[in-house]
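*Asks:* A structural model of the following input is requested.
(2 chains)
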Amino acid sequence: MRRIEVHIGHYGSGKTEISLNRALELAGAGEKVTLVDIDIVNPYFRSGEQTELLEGAGIEVLRPTFEGTNLDIPSLPAEIQRVFVEKDRRIVFDVGGDPAGAAVLGRYVRYFAEEPAEVYVVVNTLRPWSTSVEEICWMTGAIAERCRLPITGMIHNTNLARQSTPEQLVKGQELLEAAARQLSLPVVRTYAQASVIEKLPTAFRDRLGISLKPLSIYTRPEWLDLEADVE
Amino acid sequence: MSKILMKGNEAIAEAAIQAGCRYFFGYPITPQNQIPEYMSRRLPQVGGCFLQAESEVAAINMVYGAGGAGARAMTSSSSPGISLKQEGISYIAGAQVPCVIVNMMRGGPGLGSIQPSQSDYYQATRGGGHGDYRCVVLAPSTVQEAVDMMAEGFDIADQYRIPVILCGDGMLGQMMEPVEMGRYTPRKLPEKTWATTGMGSRKTPNIINSLYIDAAILEQKNAELAAIYDEISANETKWESYRMEDADYMVVAYGTTARIAKSAITKIRAEYGIKVGLLRPMTLWPFPSAAIAEAAAKVKAVLTVEMSTGQMVDDVRLAIAGSKPVEFLGRSGGMIPAPREIIDKLVEMAGGKA
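*Replies:* Now for the predicted structure:
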């Protein structure tokens, strides 16, 4: 496992929640962790908004210069360069969605050349542009081209928010594994809400082993899901 | 059709395509950029045309042209961009061209903020541009409802030959929810015999225009439009009534704010035993005045909640004509009211107890 982990993927695939969960998991295991929010395309539901939660867990957060303000300007602080020098820290990058969001990584290509990172593509097979092997391969290729980094693995995050089911996850796993085979990449982790994990078939859970991880949801306001209950 | 997880903005774009919209003209602005982005990728797949115009003014006039030729056309923007489109919208209303305009509202005035807001209520419901005209204004509160309303919006536009505005806030555009396309059953609509599609076998040309040199003729035109607006008011007014059956207090809120209000209502009933219900306008114009007046007659007081400093509250007050106290709770500039703020206000209105 490399020291730096980068989460890229289609927007809305779950990169931010997974970055938050991963940073908290590493911090919980006693690591010194920095979460780098370099999402410069998405204005809402950002990991940088969770600074209180993260700093409470001892995680350092680096965010875009004007993040959370009215300035729609894609400016990143020079401080981010520090993560390539401080070799005793674990680094989690939360990158913006789509090829457009991944392009920002190109700025750090020479640092990643010196110290290769794990670059994971996050996929939710119930999102548009991610619902077939062809679409997943196309999206992954387009992002890889723009971020100029070799992709090292895929992360599975099939969900329908509060309407998620174990069946969706099992089907999504098959689909993503088929796409990953075509791309010659491993599926390194699968995330699901605890309520889904407990209802998964035992054989599926056993096969995935420790690569199956519970996902806590941090960025959704609670009032957002009331409607789902009403329906 | 099976459900997928979509952002509000993406879902609105896909719903438009499924409703037969093949022409999108726009200019980027946060927080609605996923609409043009999605359209730029999807429209070429279905033989449509995505065009990023040189400005919002150009974009709305391209919609005017495409709509005038009988095509289903749309544009989308956020508050400052919608301001720029107003002249075109007035022309479209005057020429009776059907089209759909999406406004994902952000904080204002001026360049404002990129965070969610509902402060374009006046602009959307009071004309926005010049002249005696109306736009039908739809206000979805979930991504699924935005999908359904987008489909119906194109039908309403065609049926009455009127611009339809789908008014969401930035939050609705960015939130992700499970959605199903194609739930809406399309209306049977008359052929667009007025469209400028070439003479064909006609003897007189179709003309799309909003210029009337003779005042008396323009007055006649205004009367015709007013008659259509009356018909729309009678047929298309929509609202949702939520837990109003036994309510002593009524909240009036729309869009995202209505969802926060629902959350507050569930909590206040459980924590304080105060019986609160919600009346949610689904059309901001025509406004559900009669429904609000009828519901208000059965409660002690009314609370209007908006992401503005108080705009829809005017229509609520007009609707109930002073028969009950109307209080207001608003957040603005891009701030979102929390369920707790609504609860505190309602508890205060109820005299601090059930």
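*Asks:* ok, which residues in the stretch 251-354 of chain B are in contact with chain A?
*Replies:* B:259-260, B:262-263, B:266, B:334, B:336, B:339 (CB under 8 Å from any CB of the partner chain). To be clear about C-beta, it is placed using only N, CA and C from the backbone, and glycine gets the same treatment.
*Asks:* mind giving me a markdown table with the residues you listed and columns for pLDDT and secondary structure?
*Replies:* Shown next, in a markdown table, are those (pLDDT from 0 to 100; DSSP: H, G, I helix; E, B strand; the rest coil):
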| residue | pLDDT | secondary structure |
| --- | --- | --- |
| B:Arg259 | 96 | helix |
| B:Ile260 | 96 | helix |
| B:Lys262 | 96 | helix |
| B:Ser263 | 95 | helix |
| B:Thr266 | 95 | helix |
| B:Gly334 | 92 | coil |
| B:Ile336 | 95 | coil |
| B:Pro339 | 96 | helix |
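*Asks:* Tell me where chain A has helices.
*Replies:* Using DSSP state H, the helices found in chain A span residues A:15-28, A:51-56, A:98-102, A:109-114, A:133-147, A:166-183, A:194-197, A:202-208, A:226-230.
*Asks:* Make a markdown table out of these and add mean neighbour count.
*Replies:* Listed next are these as a markdown table, based on neighbours: other CB atoms under 10 Å in any protein chain shown:
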| stretch | mean neighbour count |
| --- | --- |
| helix A:15-28 | 22 |
| helix A:51-56 | 15 |
| helix A:98-102 | 21 |
| helix A:109-114 | 12 |
| helix A:133-147 | 18 |
| helix A:166-183 | 18 |
| helix A:194-197 | 15 |
| helix A:202-208 | 12 |
| helix A:226-230 | 15 |
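*Asks:* ok, of the ones you listed, where does mean pLDDT dip lowest?
*Replies:* The weakest mean pLDDT among the helices of chain A belongs to helix A:226-230, with a mean of 50.
*Asks:* Can you say which of the helices of chain A is nearest to A:Asn157?
*Replies:* Of all these, helix A:15-28 sits nearest to A:Asn157, with 6.3 Å by CB to CB.
*Asks:* need the contact list for B:Leu225.
*Replies:* B:93, B:96, B:132-134 (CB atoms under 8 Å, 6 or more residues apart in numbering or on different chains).
*Asks:* Buried subset of those residues, written for PyMOL?
*Replies:* The buried residues among the contacts of B:Leu225 can be selected in PyMOL (16 or more other CB atoms under 10 Å in any protein chain shown) with this line:
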select buried, chain B and resi 93+96+132+133+134
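*Asks:* could the contacts of B:Leu225 go into JSON lines alongside secondary structure?
*Replies:* Formatted as JSON lines, the contacts of B:Leu225 follow (DSSP: H, G, I helix; E, B strand; the rest coil):
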{"residue": "B:Ala93", "secondary structure": "helix"}
{"residue": "B:Gln96", "secondary structure": "coil"}
{"residue": "B:Asp132", "secondary structure": "coil"}
{"residue": "B:Tyr133", "secondary structure": "coil"}
{"residue": "B:Arg134", "secondary structure": "coil"}
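*Asks:* Tell me the one among the contacts of B:Leu225 nearest to chain A.
*Replies:* B:Arg134 (29.4 Å; CB to the nearest CB).
*Asks:* where's the closest one relative to B:Glu236, distance?
*Replies:* Distance check for B:Arg134 against B:Glu236: by CB to CB, to the nearest Å, it reads 11 Å.
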